[in-house]
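> here is a sequence with its predicted model. Questions after.
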Amino acid sequence: MTTDEPDMDAVVAAVEKAWGDRSGWTIDKREDTVGLATIDISTSDGEGYLISRGTEAKTVHIRSSSSCFAVPEIFSGGGTW
């Protein structure tokens with residue numbers, strides 16, 4: 001717990017630094033559609049994580065994906081749902 005507002009951009013940067021030199025992983029640093037610092041961490045076999053500063057104070061968003069994640073047959077591998 002911190003007494004001051006944490007610098008969430010620094011938290012995202014720390015994750016980037018911790019994963020930046022891991023063998024087999026690729027990092028893509030960018031800004032999302034509203035300008036928040038975002039990094040995509042992925043492997044060539046389809047495992048991926050998207051990490052960004054949250055839109056609310058003191059939050060970081062972490063989203064994951066995998067090519068082996070089973071979804072109901074009504075979904076397809078592309079497009080929007």
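Sure thing, it's come through. Residues are numbered from 1 along each chain as shown.
> and the nearest residue to Ser66 once chain neighbours are set aside, how close does it get to Val34?
Closest residue in space to Ser66, ignoring its immediate chain neighbours: Glu47 at 5.3 Å, by CB to CB, 6 or more residues apart in numbering. Glycine gets a C-beta too; all of them are placed from N, C-alpha and C. Counting by CB to CB, to the nearest Å, the separation of Glu47 from Val34 is 26 Å.
> so which of these two has more stuff around it?
The residue with the greater number of neighbours, taking Glu47 and Val34 and applying other CB atoms under 10 Å, is Glu47; the counts read 16 against 8.
> for Val71, report the pLDDT, please.
In the predicted model, Val71 carries a pLDDT score of 59.
> so Ser64 makes contact with Tyr49?
Yes. Under the criterion of CB atoms under 8 Å, Ser64 is in contact with Tyr49, at a separation of 5.1 Å.
> C-terminal to the helix or strand harbouring Leu50, what's the next element?
Under the criterion DSSP states H and E, the helix or strand holding Leu50 is strand 48-53. Sequence-wise, the next helix or strand downstream of strand 48-53 (DSSP H and E) is strand 60-65.
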